[in-house]
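> model this:
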Amino acid sequence: MNPYIEILRPGNALMGAIAIILVAIIDKTISIPIILAMITVFFETAAGNVINDYFDYNIDLVNKPERPIPSGRISLKNGRNYAYFLFLAGTACGFLISYLTSNWIPFVIVLIADAILYLYAYKLKTTPLIGNLAVGFMTGFGFVFGGFTLNNPSIIMTSIFLGFFAFVMTTAREIVKDIEDVEGDKKDGARTLPILIGKKTPAILATILIIVDCALCPLLYIYHIFGISYIVIIAIAVILFIYSAILILKSQDEATAHKSSKLLKIGMLIAFLSFALGSFF
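Numbering: from 1, shown residues only. Model (predicted):
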């Protein structure tokens, strides 16, 4: 694979656009601004991936030497400039969305995303809990960005709710992943929450976040935002969420944390499916 495509991690960048697709499905709308929003999220996610590899150069020389920058297929300077180009492309798309919709909030959201993605790669990911919150925030931000791109008051409120759901559950999963990666992170000199205060307290924190999200799930049905199909499908996700919380509370060993993290990811995908189908039925 071409190293300039490989470093984007295109599968990961495309996954970022799912939030925009879901919001468009919920609003039953397809338009040029929405298409531009998908492209914007792709560029921004890809830029975050590349700048992350740039700042992780020394660590990846040891742990992931096959990646494009540490392997020498892309120079450190070119990697940095490539990230800047992708940030610029995403920002330009955000500006165009705001120009077309006469609503400058999407452009402001992109500028905020630029700052968070850069700061995360540079400093935040090594800061206990703040790094977890930053990842969760960016995941939720995608829904909000989609809502303001459509510029429909009712869909904006729905997108904010969905964004909050994604933020809380992603933050919980990031904490569980830190519990899973303790040994590797110690070797890299990372300062994650489980390394600093032990695994039990982060496991309790992740569980509280999971329970909060599960408690919020019925509201989208109660307030008639989604139909009966939503509540049926989201129930499956809630079962997975609760089971993953029970697992991580009982044991914080690497294998259990890995299983819990995987269940949370599957649960989130099912939840996203419930959002889409719930808007139709």
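
> tally of neighbours for Gly189?
Burial of Gly189 is recorded as 9 neighbouring residues (other C-beta atoms under 10 Å). Any C-beta I mention is one placed from the backbone N, CA and C, and that applies to glycine too.

> On the pLDDT front, check the spatially closest residue to Lys199 that is not a sequence neighbour for me.
Using C-beta to C-beta, 6 or more residues apart in numbering and skipping the chain neighbours, the partner closest in space to Lys199 is Gln252 (3.7 Å). The model reports Gln252 with a pLDDT of 94.

> is it true that Gln252 touches Ile204?
No: with contacts counted by C-beta atoms under 8 Å, Gln252 stays clear of Ile204, the gap being 10.2 Å.

> and these two? which has more neighbours close in?
Gln252 (20 against 14).

> follow-up on the earlier one: mind checking the backbone torsions on the residue nearest to Lys199?
As for Gln252, its main-chain torsions (degrees, to the nearest 10) stand at phi -110, psi 20.

> Would you enumerate the residues in contact with it?
For Gln252, the contact set (C-beta atoms under 8 Å, 6 or more residues apart in numbering) comprises Ile179, Pro194, Lys199, Lys200, Ala203.

> Which among the residues you listed count as buried?
Burial of these was assessed by neighbour count (16 or more other C-beta atoms under 10 Å); the buried members are Ile179, Pro194, Lys199, Ala203.

> distance of the second one from Lys177?
Right, the one you point to is Pro194. Noted for Pro194: a distance of 10 Å to Lys177, by C-beta to C-beta, to the nearest Å.

> likewise Ile21?
Between Ile21 and Lys177 the computed distance is 25 Å (C-beta to C-beta).

> How about Phe143?
Taken as C-beta to C-beta, the spacing of Phe143 relative to Lys177 amounts to 21 Å.

> For these two, indicate the residue with more neighbours.
Phe143 (27 against 21).

> Now do the buried residues in the helix or strand containing that one.
For Phe143, the element it lies in under DSSP states H and E is helix 130-150. By neighbour count, and taking 16+ other C-beta under 10 Å as the criterion, the buried residues in helix 130-150 are 131-150.

> for the stretch 101-250 of the chain, which spans come out with low pLDDT?
Confidence mapping of the stretch 101-250 of the chain against pLDDT under 70 gives the ranges 188.

> so where do the helices sit in it?
According to DSSP state H, counting those that start in this stretch, the stretch 101-250 of the chain carries its helices in the segments 105-122, 130-150, 153-180, 182-187, 193-197, 200-216, 219-222, 228-250.
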